[in-house]
Structure formats: C-alpha cells, structure tokens
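Chemist: Structure for the following, please:
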Amino acid sequence: MKNDTKIHPAPGYILAEKLNRKTESTIVLPESARDNPDFAYIVCLEDNRQCADVLAPGTRILVTEGKGIPNLVGKRDLMLVHTNSLIAWFDLAPELTIVDN
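Modeler: The predicted structure is shown next:
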C-alpha cells in the first residue's frame, strides 16, 4: 500500500484511510461490534512525524480521534491524525516456516 492521494500531511501528522472491510483476526468481536464505526480498520498512508517510530504505509493504527476528510479523493474516507491521537499500531505476524528434521 502506498500514498497515491497526492496529499501529504504536515510534520507531526499522519495521513490515514478508514477502510470498510472485514479483517481476518483471531480476536472475536460480537456481531454488533464488527459493524460499529468505533472498530474501524484504519491504515497509515503516510507518517510525517519527526520521530524514530515512523510507520510504514499500510500499517494498521488505533487512534482516539482524527480530522476526517471524506470524498476529497474519490469516495475514499481519509483522515489526518495528530501525533497525540495515535495510541497504538499493529505489527504484522512474522511468517512461520516449518522445517522437517
């Protein structure tokens, strides 16, 4: 995934996109929570924070709030997230290789 929006966040902000897709997760949520916007799947498109932990495009993030900019680029649901609103991000699980001994 890459930032193909031609929008770049100012220093201290993250450009993110809210995706409307179900995730394959080991966390089981009640059916009512899966469609709740509070559990949205938000991914980083570009991280312009000035720190060592800059997020790669496509990293799933959890935020407390963000400034939504829907429909600015097609029908994509984009948002700008301030550094103070980022509360967590997900690392992808490493691929496991099974070796026969």
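Chemist: Count residues in the vicinity of T5, would you?
Modeler: If you count neighbours by other Cβ atoms under 10 Å, T5 ends up with 16. Just so you know, the C-beta spots here come from the backbone N, C-alpha and C atoms, and that holds for glycine as well.
Chemist: Could you do M1 as well?
Modeler: 12.
Chemist: For Q50, see how far away it is.
Modeler: Distance from M1 to Q50, counting by Cβ to Cβ, to the nearest Å: 22 Å.
Chemist: same question, N84
Modeler: Taking Cβ to Cβ as the measure, N84 falls 14 Å from Q50.
Chemist: Likewise for N3?
Modeler: 18 Å.
Chemist: If you count surrounding residues, which of these two has more?
Modeler: Neighbour count, other Cβ under 10 Å: between N3 and Q50, N3 has more, with 16 against 8.
Chemist: now that one, what's its secondary structure?
Modeler: Three-state call for N3 (DSSP: H, G, I helix; E, B strand; the rest coil): coil.
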